[in-house]
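Engineer: my questions concern the predicted model and sequence given below.
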Amino acid sequence: MDLISKFNLLDQEYFSPELEDFISIENEFNEREKNKKSKRRYINRDFAKYEKILHDDYFSESPIFPDDVFERRFRMNREMFQNIANAMEDDYFKVKFNCTGKRGLSSIQKCTVALRLLAYGNAADSIDEYVKVGESTALEILRKFCSGMISVYGSWFLRSPNSNDIKNLFAENSRRGFPGMLGSIDCMHWSWRNCPVAYQGQYQGKESKPTVVLEAIASHNLHIWHCFFGLPGSLNDINILDRSPIVDDVLHNKIPKIKYSINGTQRETGYWLADGIYPDWPIFVKTISEPSNRKAALFSKKQESLRKDVERAFGVLQSQWHILKNPGRLWDVSSMSLVMKTCIILHNMRIEYANESKTTNQDRFYENHENSNPNQEYGEPPDDSMAGYLRARQNMKSRNEYALLREDLINHLWNLEGNSD
């Protein structure tokens, strides 16, 4: 019974207009509070029931869906998935019970949520019907999963090449006609759908929509050895290179130096294949836009062919992880960076699983990435003086050295393949 009903029991002549207004306002306030409390709905999601369905579909001894379907939907085999689920050390991924004793989500359920969002790039509430996870929880799981992947696997699968890696890269690319090549470098733009209006001018470049840029280096097997993500799409490749840590690595001698020979010339600093926008530095090798002879034409053909390694890596990365192919729905660059790094880690993990035996994979996952420091082997200690820094910068930007390197490569390729034409 509200206040007016109570007062109706009394004589109406005792009511004043002010009292009636006060009673009406209080009744409206109580009604609003009642509606406000009822806005938050509770959906009874039976996590245990749908965990059993997920287990029967994919993880039982005789799962409903075969291995090829699992790989297509999870973008990895069951062994790799189980290793990831077991390696998530954060307390967030452990099964918990609430105060009523209701069981929460398991590690497998949470990893499934994150991987489905990464693989298909759908809205966060699109998996609610199958895994029974709401939108806000799904986004929280995605961020926790990405942070966990970077914490556990980032030191190994986001590493720069160490001495052994560089030896393998040199051997592989020497067989392809480019001794001393470390990979191919280029940039990729990820469209940002939910870019705040205040930032859209800064992040909008030649794509006519807001984007965030990834600079990457990839090898022939599509392994990504360098990723630098987060700069606005209004910058071109040169502006990004000016801010890239790869330049600092060269200047401060953080890339191991291994001797190799091109056309009889001894060198120890590797290089990357790049497109025409990159500067004429001896750490880059570019094509010749208008070759004037057969030697130059052969070099241009080979350079343009091998430089596509990084383009293929971008294509595979986006085709496997559609969240990078679709416009980003996240609201900040830091969250997008977590997603990008996680996708690159998973991309590199898939390559290592495909290239190595099962036993070696187990050693690599449980020993190497935890106990090794992949960048501990550098070249000679850099000269920390200002004169030493300026000298290193001058050597890195030497146009004469760039011309000599390209001329040696032209002659080397001609000696290998030109005489057979």
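Structural biologist: Happy to help now that I have it.
Engineer: now tell me what touches stretch 332-352 from outside.
Structural biologist: 75-76, 80, 118, 142-143, 145-147, 149-150, 153-154, 157-158, 190, 192, 212, 214, 216, 221-224, 227, 229-230, 313, 316-317, 320-321, 323-324, 328, 330, 361, 364 (CB atoms under 8 Å, 6 or more residues apart in numbering). (C-beta placed from N, C-alpha, C; glycine too.)
Engineer: buried subset of the residues you listed, written for PyMOL?
Structural biologist: Only the buried entries of those go into this PyMOL selection, using 16 or more other CB atoms under 10 Å:
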select buried, resi 75+76+80+118+142+143+145+146+147+149+150+153+154+157+158+190+192+212+214+216+222+223+224+227+229+313+316+317+320+321+323+324+328+330+361+364
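Engineer: from the contacts of stretch 332-352, which ones fall inside strands?
Structural biologist: Among the contacts of stretch 332-352, the residues falling in strands (DSSP state E) are Trp190, Val212, Leu214, Ala216, Ile224, Cys227, Phe229, Gly230.
Engineer: and which of the residues you listed is nearest to Ala297?
Structural biologist: Within those, the smallest distance to Ala297 is 28.6 Å, found for Ala216 (CB to CB).
Engineer: got a pLDDT number for that closest one?
Structural biologist: pLDDT, Ala216: 97.
Engineer: what residues are up against it?
Structural biologist: Taking CB under 8 Å, 6+ apart as the criterion, Ala216 is in contact with Ile185, Asp186, Cys187, Met188, Ile224, His226, Cys227, Phe228, Val310, Ala313, Phe314, Ile344.
Engineer: list the pairing partners of the helix or strand harbouring the second one within its sheet, with orientation.
Structural biologist: When you say that, I think you mean Asp186. When elements are assigned from DSSP states H and E, Asp186 belongs to strand 181-191. Taking DSSP bridges as the criterion, strand 181-191 sits next to strand 211-218 (antiparallel), strand 271-273 (parallel) in its sheet.
Engineer: next secondary structure after it?
Structural biologist: Once the chain leaves strand 181-191, the next helix or strand it forms, by DSSP H and E, is helix 200-203.
Engineer: those helices in the stretch 1-150 of the chain, which residues are they?
Structural biologist: Under the criterion DSSP state H, counting those that start in this stretch, the stretch 1-150 of the chain carries helices at the ranges 3-8, 17-38, 47-54, 67-74, 78-87, 107-120, 128-131, 135-157.
Engineer: isn't Glu135 up against Ile127?
Structural biologist: No - in this structure, Glu135 sits apart from Ile127 without contact. The criterion is CB atoms under 8 Å, and the distance is 9.5 Å.
Engineer: where does the chain have low pLDDT?
Structural biologist: 1-23, 29, 32-40, 42-44, 356-383, 418-421 (pLDDT under 70).
Engineer: report the residue ranges of every domain in it.
Structural biologist: The chain resolves into domains spanning 3-38, 47-152, 163-420 when parsed by automatic domain parsing.
Engineer: excluding sequence neighbours, find me the nearest residue to Ile246.
Structural biologist: With CB to CB, 6 or more residues apart in numbering as the measure, His226 is the residue that lies nearest to Ile246, at 5.8 Å, once sequence neighbours are left out.
Engineer: redo the ones in strands among the contacts of stretch 332-352 as CSV? Include distance to Pro63.
Structural biologist: CSV is the format used below for those (distance: CB to CB, whole Å):
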residue, distance to Pro63
Trp190, 34
Val212, 38
Leu214, 35
Ala216, 35
Ile224, 31
Cys227, 34
Phe229, 36
Gly230, 39
